[in-house]
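Engineer: Give me a model of this one.
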Amino acid sequence: MTAHSSVRVGGAAFARCVAGPADVFATEHWGRAPLFSAAADLPRDFTDLLDAHAVDDLISSRGLRTPFLRMAKDGTVLPAARFTRGGGAGATIADQAADDKVLAAMADGSTLVLQGLHRTWPPLVDFAAQFADELGHPVQINAYITPPQNQGFSPHYDVHDVFVLQVAGRKRWTIHRPVVDDPLANQPWDARRGEVEARAAEAPLLDTVLAPGDAMYLPRGTIHAAQAQGELAIHLTVGVHPLTRYDLVKRLLEAVQDDPALRASLPVGVDLADPTVLAPALEDTVAALQRALTDVPVTRVADDVGTNLMRRTRPKPLAPLAQLDLAATLTGDTRLRLREALRLRLTDDGEHLRIVLLDRTVELPQTAADAVKTAVAGAPFVPAGLPGLDPDEQLVLARRLVREGLLVPA
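Structural biologist: Below is the predicted model of the structure:
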């Protein structure tokens, strides 16, 4: 879990995407039903996150490579060679965005997709980190830029939840009920193409046009398609990759491998494909599994889930050179705070104090326990206010945590 321990659904990022109370969304819509939010009911539009000038900048000046961009038309993804080429002297990789090719493809009606903007475009890097921190689930952000009266993708569903944020132009969305509820990553729509096409031919659950500033939430599995209307249309899709109960099942199975009864080999010299032969072993295995599952401590599963979230989410960006300068000029009155959206685990067994991060563990003196807990609690503080340490020790600890990338200026 994040160091501040409570997920803040209903924070500023969430409020930009959903009109109405957060608790109503959590109980009535999350994973259950689509929700349309009109621009008039949201704080502001989305042009501060991305606009047409930003799209041009990304394509012409940032050296984007596949898979950070792709193009599609009428449900068919274009070969990368149609919109990329080598970057020239000093950048001879072959798959950089070619602005003139992108122009030609869009003039022909193709949709441009900018993928992974939560890693490449600063406003969306910050927004994604904040939104993931509020939701408690990993987030990705793509942009879809569609010429007038065109459609990039045929009706389909995603295996993650989606918040659609309409940036510019208007798009008509047709929404149909799922053919599979809560699909997992290994249950993609193209494996059920016929069922999806049949469902998309039925009367839609929702048929609406999103205008600039409108937003819509779609649970995973919801079948959808979007078509630009009379002008160029840009929308963001904020994809939320939820942890599921099936994820807990996998963590539980990893935990019960410690039980010798579940590691025992099956009988030798028999036909294990024969149900009558397999039945006794299966019955014994189920019984052993039930016994083992009752002994799995929730802390074991929570630690595994926490590590998974560390791997799949990114904290707010950090400036290495500024951090070094901060550490060098730190005083007892310097205002600091925990790096936003940073996931860590603090362990204290009475002898060892450790901050567990994704790829390393920071070990600290046990005498600093109270001060460390204050530092990672999330609220701004100054080193002089860290409890249980003298002034020199306060600065040493704060400087260490700044250099480790845990603390940033408040």
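Engineer: List the buried residues for stretch 338-357?
Structural biologist: Residues of stretch 338-357 classed as buried under the neighbour-count rule (16 or more other CB atoms under 10 Å) are 338-346, 353-357. For the C-beta atoms, the positions are set from N, CA and C on the backbone; glycine is no exception.
Engineer: Also stretch 87-101?
Structural biologist: 87, 95-98, 101.
Engineer: Same question for stretch 59-70.
Structural biologist: Buried residues in stretch 59-70, counting neighbours by 16+ other CB under 10 Å, are found at 59, 64-65, 68-70.
Engineer: Show only the entries of these found in helices.
Structural biologist: residue 59 (DSSP state H).
Engineer: In strands, which of the buried residues of stretch 59-70 fall?
Structural biologist: Taking DSSP state E, the ones among these that sit in strands are 69-70.
Engineer: List phi and psi for residue 381.
Structural biologist: Main-chain dihedrals, residue 381, degrees, to the nearest 10: phi -160, psi 170.
Engineer: Pretty sure it sits against residue 334.
Structural biologist: No. Residue 381 sits out of contact with residue 334 when judged by CB atoms under 8 Å, with a separation of 9.8 Å.
Engineer: Can you tell me how far residue 389 is from residue 381?
Structural biologist: 13 Å (CB to CB, to the nearest Å).
Engineer: sorry, that was for residue 396
Structural biologist: The spacing between residue 396 and residue 381, counted by CB to CB, is 16 Å.
Engineer: If you count surrounding residues, which of these two has more?
Structural biologist: Taking other CB atoms under 10 Å, residue 396 and residue 381 do not tie; residue 381 has more neighbours (20 against 16).
Engineer: Would you check how far apart that one and residue 400 are?
Structural biologist: For residue 381, the distance to residue 400 equals 15 Å [CB to CB].
Engineer: Now tell me what touches stretch 310-329 from outside.
Structural biologist: Residues from elsewhere that reach stretch 310-329 (CB atoms under 8 Å, 6 or more residues apart in numbering): 118-119, 122, 125-126, 128-130, 132, 138-139, 241, 334, 339-344, 357-358, 399, 402-403, 405, 408-409.
Engineer: no, scratch that, I was asking about stretch 376-390
Structural biologist: Defining contact as CB under 8 Å, 6+ apart, one finds that stretch 376-390 is touched by 3-4, 330-338, 344, 346, 355, 367-371, 374-375, 391, 394-395, 397-398, 406, 410.
Engineer: Show me the helices in this structure, by range?
Structural biologist: Per DSSP H, the chain carries helices over the ranges 12-17, 22-24, 52-61, 99-107, 117-120, 122-135, 193-200, 245-256, 275-293, 298-312, 320-329, 369-375, 391-403.
Engineer: Okay, now the unreliable bits of the stretch 201-350 of the chain?
Structural biologist: The stretch 201-350 of the chain contains no residues with pLDDT under 70.
Engineer: Check the nearest residue to residue 207 once chain neighbours are set aside and give its pLDDT.
Structural biologist: By the measure of CB to CB, 6 or more residues apart in numbering, the closest residue to residue 207 outside its immediate chain neighbours is residue 174, 5.2 Å from it. Among the per-residue scores, residue 174 shows a pLDDT of 96.
Engineer: deepest of the helices of the chain, which one?
Structural biologist: Of the helices of the chain, the one with the most neighbours on average (mean count of other CB atoms under 10 Å) is helix 122-135, at a mean of 21.
Engineer: then it to CSV, C-alphas only?
Structural biologist: Taking only C-alpha atoms (Å, rounded to 0.1, in the frame of the first residue of the first chain), the coordinates of helix 122-135 have been written out as CSV:
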residue,chain,number,x,y,z
PRO,A,122,4.5,15.7,-18.5
PRO,A,123,0.9,16.8,-17.7
LEU,A,124,-0.3,13.3,-18.1
VAL,A,125,2.6,11.8,-16.2
ASP,A,126,1.5,13.8,-13.2
PHE,A,127,-2.2,13.2,-13.7
ALA,A,128,-1.7,9.5,-14.0
ALA,A,129,0.4,9.2,-10.8
GLN,A,130,-2.2,11.2,-8.9
PHE,A,131,-5.2,9.3,-10.3
ALA,A,132,-3.6,5.9,-9.6
ASP,A,133,-2.8,6.9,-6.1
GLU,A,134,-6.5,7.9,-5.5
LEU,A,135,-7.9,4.8,-7.1
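Engineer: so how far is it from its chain's centroid?
Structural biologist: How far helix 122-135 lies from its chain's middle: 9 Å, per CA atoms, centre = their mean, to the nearest Å.
Engineer: What average pLDDT does it get?
Structural biologist: When pLDDT is averaged along helix 122-135, the result is 95.
Engineer: What is the neighbour count of residue 37?
Structural biologist: The tally of other residues near residue 37 (other CB under 10 Å) stands at 22.
Engineer: residues in contact with stretch 72-80?
Structural biologist: Outside of stretch 72-80, the residues within contact range by CB under 8 Å, 6+ apart are 66, 70-71, 95, 105, 108-111, 113, 150-154.
Engineer: 10 Å instead, please
Structural biologist: Stretch 72-80 is contacted from outside by 65-67, 69-71, 82, 94-95, 97, 101, 105-106, 108-113, 144, 146-147, 150-156, 225, using CB atoms under 10 Å, 6 or more residues apart in numbering.
Engineer: Quote the end-to-end distance of it.
Structural biologist: 10 Å (CA to CA, to the nearest Å).
Engineer: swap in stretch 95-115?
Structural biologist: Length of stretch 95-115, first residue to last, CA to CA: 15 Å.
Engineer: Quick one: distance of that stretch to the chain centre.
Structural biologist: Average the C-alpha atoms of stretch 95-115, do the same for its chain, and the two points are 26 Å apart (CA atoms, centre = their mean).
Engineer: Let the chain start at 38 from now.
Structural biologist: Fine by me, first position is 38 from now on; the one you just mentioned is stretch 132-152.
Engineer: From residue 310, how far out is the residue lying closest to residue 379 once chain neighbours are set aside?
Structural biologist: Closest residue in space to residue 379, ignoring its immediate chain neighbours: residue 352 at 4.0 Å, by CB to CB, 6+ apart. To residue 310, residue 352 is 50 Å away according to CB to CB.
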